[in-house]
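1. Okay, predicted coordinates and the sequence, questions at the end:
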Amino acid sequence: MTAIDPQVSVIIVNYNTFELTCKCIQSILERTTGCSYEIIVVDNASVERDIKKISILFPAVTLIESDVNLGFAKGNNLGILHAKGEFILLLNSDAELQNDAISICLNFLRREKQVAVVSATLKFPDGITQHNCQRFPSIKYKLFELFRLQKILPRAKSGKILLGFFFNYSEVVYPDWVWGTFFMFRRKLLDPLPGGKLADDFFMYVEDMQWCMEFRKLGYTIAFQPTALVTHYMGKSGGPKSKLIDQNMNQFMERYYSSSERFIIRCLDRLLTYKR
């Protein structure tokens with residue numbers, strides 16, 4: 001770990017997840033050997049315990065304390081303001097590296113110049129793979145799902161079209177968007193974005209979809225690197241989410257889709273719900 005000229009700045013937003021955050025930090029220290037990095041922890045006004053203990057346990061970690069809970073997106077933007085690395089990794093506090101995932105993804109981004117964001121394989125503690133590669137809502141893919149058209153296509157092709165449950169997460173793919181759990185990108189790609197930062201309209205949830213949409217609008221792709229391995233204690237770093245997700249998804253759709261697209265997609269969603 002180096003503090004002068006790190007190649008990667010790892011941003012961890014903490015909100016009442018002290019033990020998980022410590023495990024996350026420890027996994028970075030133990031498993032990251034192929035690159036220089038710094039770790040920045042942004043505490044969102046946690047009340048669980050004295051967050052200053054992070055500095056005692058991990059003196060090299062930069063701790064930023066917010067007086068208010070900024071949420072996930074704004075918390076990450078605050079951390080980025082203090083970052084020195086050419087590359088940024090947003091890493092959930094409830095994530096734990098299982099190999100040198102940071103170096104693997106860093107090397108991938110260096111090779112793949114048209115990739116804006118790369119993510120890793122995320123697994124539950126029991127080893128089940130999480131479906132962090134996703135497609136944006138679209139009429140085309142809703143129709144594929146509604147009529148089960150993937151069943152008449154070769155398995156490999158149907159998997160790459162729909163991802164999710166039809167994709168085995170064993171090869172590099174280029175989805176529309178990936179979860180913000182492990183989200184690595186070049187810092188310079190923030191410059192052309194509105195305000196020169198990641199969009200932080202949403203307090204939490206759906207922001208990762210929006211970030212990927214903004215990068216794709218700039219002409220870049222999003223990637224998944226299967227050899228980078230991360231355990232994700234999913235659901236440990238957030239609260240009730242259904243209402244927030246629905247609210248944020250509605251805003252996302254209004255921002256990036258025409259009224260006719262939104263109408264057709266909602267109709268197809270109702271048909272899919274009825275069919276299930």
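-> Now that the structure is in, tell me what you want to look at. If you're wondering where the values come from, they're calculated on a predicted model, not measured in any experiment. Numbering: from 1, shown residues only.

2. Show me what the host helix or strand of residue 266 is in contact with.
-> Per DSSP states H and E, residue 266 falls inside helix 259-275. Here helix 259-275 makes contact (Cβ atoms under 8 Å, 6 or more residues apart in numbering) with 137, 138, 139, 142, 143, 145, 146, 253, 254, 257. (Each C-beta comes from the backbone N, C-alpha and C, glycine too.)

3. What residues sit buried inside it?
-> If you call a residue buried by 16 or more other Cβ atoms under 10 Å, then helix 259-275 has these buried ones: 264, 265, 268.

4. Centre of the chain to that helix, how far?
-> Remark: helix 259-275 is offset 26 Å from the chain centroid, using Cα atoms, centre = their mean, to the nearest Å.

5. Helix, strand, or coil at the spatially most central residue of the chain?
-> Relative to the mean C-alpha position of the chain, the nearest C-alpha, by Cα atoms, centre = their mean, is the one of residue 180, at 1.3 Å. Secondary structure state of residue 180, per DSSP: H, G, I helix; E, B strand; the rest coil, is coil.

6. what's the closest of the buried residues of helix 259-275 to residue 218?
-> Minimum distance to residue 218 across those is 23.9 Å, recorded for residue 265 (Cβ to Cβ).

7. A helix includes residue 55, no?
-> Yes. Assessed by three-state DSSP, residue 55 belongs to a helix.

8. Neighbours of it, how many?
-> 13 (other Cβ atoms under 10 Å).

9. before we move on, what about residue 118?
-> Neighbours of residue 118 (other Cβ under 10 Å): 27.

10. Same question for residue 243.
-> Neighbour number of residue 243 under other Cβ under 10 Å is 9.

11. Just confirm it is within a helix.
-> Yes. The assignment for residue 243 (three-state DSSP) places it in a helix.

12. That one and residue 204, how far apart?
-> 12 Å (Cβ to Cβ, to the nearest Å).

13. hang on, the earlier thing: which of the buried residues of helix 259-275 lies closest to residue 106?
-> The closest of these to residue 106 turns out to be residue 265 (Cβ to Cβ; 36.2 Å).

14. what pLDDT does the closest one get?
-> For residue 265, the model assigns a pLDDT of 91.

15. ditto for residue 199
-> Reported pLDDT for residue 199: 95.

16. At which residues are the strands of this structure located?
-> Assigned by DSSP state E, the chain shows strands spanning 8-14, 37-44, 62-66, 87-91, 95-97, 115-123, 133-134, 177-178, 182-186, 221-232.

17. Give the rounded mean pLDDT of the first one.
-> Translated: strand 8-14. Strand 8-14 carries an average pLDDT of 98.

18. And the fifth one, by the same measure?
-> The average of the pLDDT scores along strand 95-97 is 98.

19. Kindly report the same for the fourth one.
-> This predicted structure assigns strand 87-91 an average pLDDT of 98.

20. For it, C-alpha coordinates in PDB please.
-> Extracted in PDB, the C-alpha atoms of strand 87-91 (Å, rounded to 0.1, in the frame of the first residue of the first chain):
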ATOM      1  CA  PHE A  87      -8.000   4.600 -11.300                       C
ATOM      2  CA  ILE A  88     -10.900   4.600  -8.900                       C
ATOM      3  CA  LEU A  89     -12.500   1.500  -7.300                       C
ATOM      4  CA  LEU A  90     -15.800   1.900  -5.600                       C
ATOM      5  CA  LEU A  91     -16.000  -1.000  -3.200                       C
END
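
21. Okay, angle between it and strand 115-123 too, please.
-> 30 degrees (axes from the mean of the first three to the mean of the last three Cα atoms, to 10 degrees).

22. Over to the longest one?
-> Here strand 221-232 runs at an angle of 30 degrees relative to strand 115-123 (the same axes, to 10 degrees).

23. Packing partners of strand 221-232?
-> If you count contacts as 3 or more Cβ pairs under 8 Å, 6 or more residues apart in numbering; DSSP states H and E, strand 221-232 packs onto strand 95-97, helix 101-111, strand 115-123, strand 177-178, strand 182-186, helix 207-217.
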